[in-house]
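# What follows is a protein structure lacking sequence information:
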């Protein structure tokens, strides 16, 4: 019977694509991971990994062994959870990746409240706009906003976010107020550079109208664009949670309210395959309630 430590080391090496990354994920030294994988290969009498100067890759036998062992490890984790976690008493560790601005403004208080309700749960939160590889980097789940790419990840809708067109009163006094979306092409626009789309969309009756914004100021962070709008650099499209206060106190003006922009769904994503851990399902339930989702597409993970 192979040691579970050796099996776990091998599975993480394949998932992460290298001994160093597996070691970092498990909190061990690279030499320990290497010894465990070598011991496993010796016990089985089969080469599981091909090692080259460019890295490692599983052999055919190694790939089959990894697939079966990963499922065993997942079932073991679920079994452990079943006997150690009571209802409303979630335990273990939850590692989450969340977007920067939304994570600070909206998710931080929600996840803090979830942590308070579950004192036996440890939460490791990574706050960044970087799209992480959940499996390779060892994340249990990620919060992402907007249209999801084709993916093998399982998703759960938590709620929605509205985007507003805004500008400062001083900018509008100097350059005029656009009365229709088409007028935006005559203005200096502040552009979010991390998105996959280069157009702004507006509802016009039953159709969608697409406008290609032009401007000399770009940023991959919404808070930077808000700061630029506040110092009169141009017109920005920003999520409601970043501009509601500025609109309320008059620092920014909402424009083109008669032409709403599409809502962006907020999703909780996790690696596919099998049932979700109880702690992750509990988090999803909590966030759906927190964000007030209608639940129409919020089936349990």
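Now that the structure is in, tell me what you want to look at. Bear in mind that the values here come from a model prediction, so they are computed numbers and not experimental data.
# Confirm for me that residue 194 is in contact with residue 131.
No: in this structure, residue 194 is not within contact of residue 131 by C-beta atoms under 8 Å, at 9.5 Å. Glycine gets a C-beta too; all of them are placed from N, C-alpha and C.
# now stretch 116-136, how far from the centre of its chain.
With C-alpha atoms, centre = their mean, to the nearest Å as the basis, stretch 116-136 stands 10 Å off its chain's centre.
# Then stretch 218-226?
18 Å.
# Same check on stretch 120-137?
Centroid separation between stretch 120-137 and its chain, computed with C-alpha atoms, centre = their mean, is 8 Å.
# Please apply the same query to stretch 269-285.
Distance of stretch 269-285 from its chain centroid, counting by C-alpha atoms, centre = their mean, is 14 Å.
# buried residues in it?
Judged by neighbour count (16 or more other C-beta atoms under 10 Å), stretch 269-285 contains these buried residues: 269-271, 276-284.
# which one of these is nearest residue 5?
Lowest distance from residue 5 to the buried residues of stretch 269-285 (C-beta to C-beta) belongs to residue 277, with 20.8 Å.
# Test my guess that that closest one contacts residue 78.
Yes: with contact taken as C-beta under 8 Å, residue 277 and residue 78 are classed as touching, separated by 6.7 Å.
# Now residue 47, what are its backbone angles?
In terms of degrees, to the nearest 10, the main-chain angles of residue 47 are phi -80, psi 120.
# if I pick it, what's in contact with it?
Contacts for residue 47 (C-beta atoms under 8 Å, 6 or more residues apart in numbering) come out as 41, 59, 61-62.
# ok, of those residues, which one's closest to residue 158?
The closest of the contacts of residue 47 to residue 158 turns out to be residue 62 (C-beta to C-beta; 37.5 Å).
# Once you drop chain neighbours, what's closest to the closest one?
residue 48 (3.5 Å; C-beta to C-beta, 6 or more residues apart in numbering).
# Kindly report the same for residue 151.
Closest residue in space to residue 151, ignoring its immediate chain neighbours: residue 269 at 7.6 Å, by C-beta to C-beta, 6+ apart.
# And the pLDDT for residue 88?
For residue 88, the model assigns a pLDDT of 53.
# Then residue 273?
Residue 273 is assigned a predicted lDDT (pLDDT) of 66.
# Can you give me the buried ones in the helix or strand bottoming out on mean pLDDT in the chain?
Taking mean pLDDT, DSSP states H and E as the measure, the helices and strands of the chain show their lowest mean at helix 60-84, namely a mean of 81. Counting neighbours by 16+ other C-beta under 10 Å, one finds that the buried residues in helix 60-84 are 62, 65-66, 69-70, 74.
# Tell me the gap between it and the middle of its chain.
Centre-to-centre, helix 60-84 and its host chain are 24 Å apart (C-alpha atoms, centre = their mean).
# What's the end-to-end length of stretch 178-185?
In stretch 178-185, first residue to last residue: 9 Å (C-alpha to C-alpha, to the nearest Å).
# Use 701 as the first number from now on
With 701 as the first residue, the last one maps to stretch 878-885.
# So what touches it?
Taking C-beta under 8 Å, 6+ apart as the rule, stretch 878-885 contacts 865, 886-887, 900, 902, 904, 909, 911-914, 935, 955-956, 959.
# How about stretch 907-917?
By C-beta under 8 Å, 6+ apart, the list of residues contacting stretch 907-917 from outside reads 881-882, 884-885, 888-891, 898-903, 925, 928, 933-935, 937, 959, 962.
# Helices - which of those residues land there?
When DSSP state H is applied, the contacts of stretch 907-917 are split such that 925, 928 fall in helices.
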